[in-house]
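Peer 1: Structure for the following, please:
(chains A and B)
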Amino acid sequence: MQIKLTDQPIDVAAVLAAAESEEAGAVNAFIGTVRNRSEGRRVVRLHYEAYPPMAVHQLHRVAEMAQEKWPMLRKIAVTHRHGTLEIGDVAVVVAVSTPHRADSFAACEYIIDTLKEVVPIWKKEEYEDGTVWVAAHP
Amino acid sequence: MNLTVALFGIAREIVGKSSLEVSVPAGQSAAGLLAELRQQYPALAELRSLAVAVNNDYAADDVALHERDEIALIPPVSGG
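Peer 2: Next up is the predicted model:
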């Protein structure tokens, strides 16, 4: 299990390599990228803020939960970036490996979905005319 | 007892700093801390959610806080 939080550009190939396993027939990855639109508005850039020790701890917990739900998982690698990200930048990579492909899709989706619910990282969208903390208000 | 509460994201902007000293009764719960802070900073009450983290884990409402705990306010997360 390789969990990383970084303020530098993510080396996607390195995260994929960390998920490789000779016992796996499938490596599955999710790559989260910075989009140029949100709620109909043009996004100029994103700012990700993290609470680093808790973010790393919760990323480990998410990976451990995935391992429990999919015992056949061979490797898990997650890297999340924080700081100022430009349109098109990679914000997060989740990579997993399993013997067979069906479990790899399911486990990968579970990890990114759960990460988005519990990991203490906050995204602030910057528009031409202001900024908004995503999902802060009902 | 005196607690040090770390603040992030919109909570940090509402309070105006990244760390807050707050005085609460000994044995105060996580829910009690939230109530106290929402009263001091009403804009915190308008958020979709607000959680308390103690030593890098989410704390249930009834968890008792201690002076040496690492405490943080967790507004709605939006990673990934």
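
Peer 1: With adjacent residues omitted, what lies nearest to the residue of chain A found nearest chain B?
Peer 2: For chain A, the residue closest to chain B is A:I121, as judged by C-beta to the nearest C-beta, at 3.0 Å. Where you see a C-beta, it was placed from the backbone N, CA and C, and this is true even at glycine. Excluding the flanking residues, the one nearest A:I121 by C-beta to C-beta, 6 or more residues apart in numbering or on different chains is B:G79, at 3.0 Å.

Peer 1: For chain A, what lies in contact range of chain B?
Peer 2: With C-beta under 8 Å from any C-beta of the partner chain as the criterion, chain A comes near chain B at residues A:32, A:48-51, A:53-55, A:57-58, A:80, A:91-92, A:112, A:115-124, A:133-138.

Peer 1: Would you pull up the residue in chain B closest to chain A?
Peer 2: For chain B, C-beta to the nearest C-beta, closest residue to chain A: B:G79, 3.0 Å.

Peer 1: how near is that residue to A:L115?
Peer 2: From B:G79 over to A:L115 the distance is 6 Å, taken as C-beta to C-beta, to the nearest Å.

Peer 1: Mind pulling up the pLDDT for the residue nearest to the spatial centre of chain B?
Peer 2: Geometric centre of chain B, nearest residue: B:L73, 3.5 Å, by C-alpha atoms, centre = their mean. pLDDT, B:L73: 98.

Peer 1: That one is in contact with B:E13, isn't it?
Peer 2: No. Counting by C-beta atoms under 8 Å, B:L73 stays clear of B:E13, with 11.9 Å between them.

Peer 1: circling back: which strand residues bridge the residue of chain A closest to chain B?
Peer 2: A:A50 (DSSP bridges).

Peer 1: burial measure for residue 77, as a count.
Peer 2: Just so you know, I chose chain A. By other C-beta atoms under 10 Å in any protein chain shown, 23 other residues sit near A:A77.

Peer 1: Chain B is the one I meant
Peer 2: With other C-beta under 10 Å as criterion, B:V77 counts 26.
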